[in-house]
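In: sequence isn't available, so here's the structure alone:
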């Protein structure tokens, strides 16, 4: 009887220490209702030191060559012309320096507005120009309990926090899904926003869509914090001692 009690107690301890409730790991689990969320992301506004890629095309390819310096329109490889298009850095005055046209104000404009400005200026030189503008400065950082932390350069300025976490390999099992911090810097001020992935209200969060230079931090759960207080050596010794004690108890109980 004593022996069975010991084994039952050990099994119970293993079960308790290894189990996690579904609410700890399942996303959006606290709201059973299906709701509609409609949150529009504002286009990214260019600022100082941003790097911008600009590619100009037209029916007459020869007429746009001066505006696509450094690339060949007759590429034999699989790369598209836009992938090798010229890059421009917004200077301290807020301008980019475009071939032939000269200075163009970029600060305060999104890529669609900048496309319009350049298109209008190009009409003096090119018939029906088509301008493609993209940002090379939209970078975010993801830290903490994710499988692949790091900094990521994003081509789509409408990236959500869920997509960003997917880029980082999703949360580890030790990550707190109900306590994620997004650090957002505006001018010289850092703001901190809390995000709960287990609630559908996430979709209405002001940080659901990420901004340039946002930092996403996933906190470890209590189990991970407690385990970090002990070295691997101490943990190994503890397991050895527990093993010896259990063996001794089993022998006594025979």
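Out: Everything's here; your move. This structure is a prediction, so every number in the text was calculated from the model and none was measured.

In: the spatially closest residue to residue 176 that is not a sequence neighbour: neighbouring residues, count only.
Out: Once flanking residues are discounted, residue 176 sits nearest to residue 219: 4.6 Å by C-beta to C-beta, 6 or more residues apart in numbering. All C-beta atoms are positioned from the backbone trio N, CA, C, and that covers glycine. Using other C-beta atoms under 10 Å, residue 219 has 17 other residues around it.

In: tell me the pLDDT of residue 219.
Out: Note on residue 219: pLDDT of 93.

In: what sits up against the strand or helix carrying it?
Out: Assignment of secondary structure by DSSP states H and E places residue 219 within strand 215-220. Strand 215-220 is contacted from outside by 140-146, 161, 164-165, 171, 174-176, 179-183, 210, 228, using C-beta atoms under 8 Å, 6 or more residues apart in numbering.

In: where does the stretch 1-150 of the chain dip in pLDDT?
Out: 1-41, 70-83 (pLDDT under 70).

In: now do the helices in it.
Out: 2-18, 22-25, 61-64, 111-122 (DSSP state H, counting those that start in this stretch).

In: could you do the stretch 151-254 of the chain as well?
Out: With DSSP H, counting those that start in this stretch as the criterion, the stretch 151-254 of the chain has helices spanning 161-167, 222-227, 232-253.

In: where among those helices is the average confidence lowest?
Out: helix 232-253 - the lowest mean pLDDT of the helices of the stretch 151-254 of the chain, at a mean of 54.

In: among the contacts of strand 215-220, which are in strands?
Out: 140, 141, 142, 143, 144, 175, 176, 179, 180, 181, 182, 183 (DSSP state E).

In: which of these has the most neighbours?
Out: Counting by other C-beta under 10 Å, top hit in the ones in strands among the contacts of strand 215-220: residue 180 with 25 neighbours.

In: before I go, just wanted to say thanks for your time.
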